[in-house]
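*Asks:* Have a look; sequence and predicted model below, questions after that.
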Amino acid sequence: KPEAIVCVSAHWYMPGTAVTAMTQPRTIHDFGGFPRALYEVQYAAPGAPELAARIRELLSPIAVSMDQEWGLDHGTWSVLMHVYPNADVPIVQLSIDETQPAIWHFEVAKKLAPLRDENVLIVGSGNLVHNLHTYAWGRREVEPYDWAVRFEALARQTMLSGDFSALIEYERLGRDAMLSAPTPDHYLPLLYVLAQHQPTESVTFPIEGFDGGSISMLAVRVG
């Protein structure tokens, strides 16, 4: 079990860079139109102010705000409640700066690499394919769109090659990429994971599948 977790969630997408620095982050229910049970979930994992300060140190000279207001949004708790159901691992969320390009995020993510040697798990929570405009609401057993399948297959092949440059410049990959990632928020967390990759490490996909035809549930593991 890790000492702590840094989570980069698609749902903390804002101007600037911030980390949650409180001792007890709140559970945020930042969504609408879902079953009541989801709004009652409380994931009471502790915060890690010392880790937040360490992240600020690692990301210098980038200005990192020590946030006391945010908490754990559903990009974080909806994933980690299944991995650590006892909520006993401290968590810090790192925001995604919406004003910066993908290459900036990849380079920033590299600065987090020392945390892995300190037994800190780095999690990116988003979706490789995430298009709600084409999502098959209310329909079950929907086949994924051809463009979604093609883009995921290309991304998987690229990740296995160890050369991630095409995925950093994903906006150049054509129509399939633009349909799969019409906005950067759910795509960019992937780059925070890939940036941790070392030449001797493998990339694996422990979870696969699509939901609603246009959301990839692919999980990417480095190491």
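*Replies:* Looks like it came in fine. None of the values given here were measured: they were computed from a predicted structure.

*Asks:* Tally up the residues packed near residue 168, please.
*Replies:* 19 (other Cβ atoms under 10 Å). Any C-beta I mention is one placed from the backbone N, CA and C, and that applies to glycine too.

*Asks:* Buried ones in the helix ranked longest in the chain, by neighbour count?
*Replies:* Identified as the longest helix of the chain according to DSSP state H is helix 146-161. Using 16 or more other Cβ atoms under 10 Å as the test for burial, helix 146-161 gives 147-152, 154-156, 158-159.

*Asks:* what's the answer for stretch 137-147, then?
*Replies:* 144-145, 147.

*Asks:* quick one: the helices in the chain?
*Replies:* Using DSSP H, helices in the chain cover 36-39, 49-59, 74-83, 102-110, 146-161, 165-168, 175-180, 188-194.

*Asks:* May I have the third one exported as CSV, CA atoms only?
*Replies:* The reference is to helix 74-83. Provided in CSV are the C-alpha atoms of helix 74-83 (Å, rounded to 0.1, in the frame of the first residue of the first chain):
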residue,chain,number,x,y,z
HIS,A,74,-15.7,12.4,-8.1
GLY,A,75,-12.8,11.9,-10.4
THR,A,76,-10.8,10.9,-7.3
TRP,A,77,-13.2,9.2,-5.0
SER,A,78,-15.2,7.3,-7.6
VAL,A,79,-11.9,5.5,-8.5
LEU,A,80,-10.1,5.2,-5.2
MET,A,81,-13.1,4.0,-3.2
HIS,A,82,-12.8,0.7,-5.2
VAL,A,83,-9.0,0.5,-4.7
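
*Asks:* Check the offset of that helix from the chain's centre.
*Replies:* 11 Å (Cα atoms, centre = their mean, to the nearest Å).

*Asks:* still on that earlier bit, looking at the helices of the chain, spot the one closest to residue 121.
*Replies:* Residue 121 lies closest to helix 74-83 among these, at 9.0 Å (Cβ to Cβ).

*Asks:* Would you mark the buried spots in the closest one?
*Replies:* 74-81.

*Asks:* Domain boundaries for this protein, per the record?
*Replies:* What automatic domain parsing lists as the domains of the chain is 1-125, 126-223.

*Asks:* Could you dump those domains into a markdown table with mean pLDDT added?
*Replies:* Output for these, formatted as a markdown table (pLDDT from 0 to 100):
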| stretch | mean pLDDT |
| --- | --- |
| domain 1-125 | 94 |
| domain 126-223 | 95 |
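
*Asks:* the longest strand in the protein is where?
*Replies:* Under DSSP state E, the strand in the chain containing the largest number of residues is strand 4-14.

*Asks:* on that earlier part again, which one of the helices of the chain lies nearest to residue 122?
*Replies:* Comparing the helices of the chain by Cβ to Cβ, helix 188-194 comes nearest, at 6.6 Å.

*Asks:* And stretch 14-29, how far out from the chain middle?
*Replies:* On Cα atoms, centre = their mean, the centre of stretch 14-29 falls 14 Å from that of its chain.

*Asks:* Much appreciated, bye for now.
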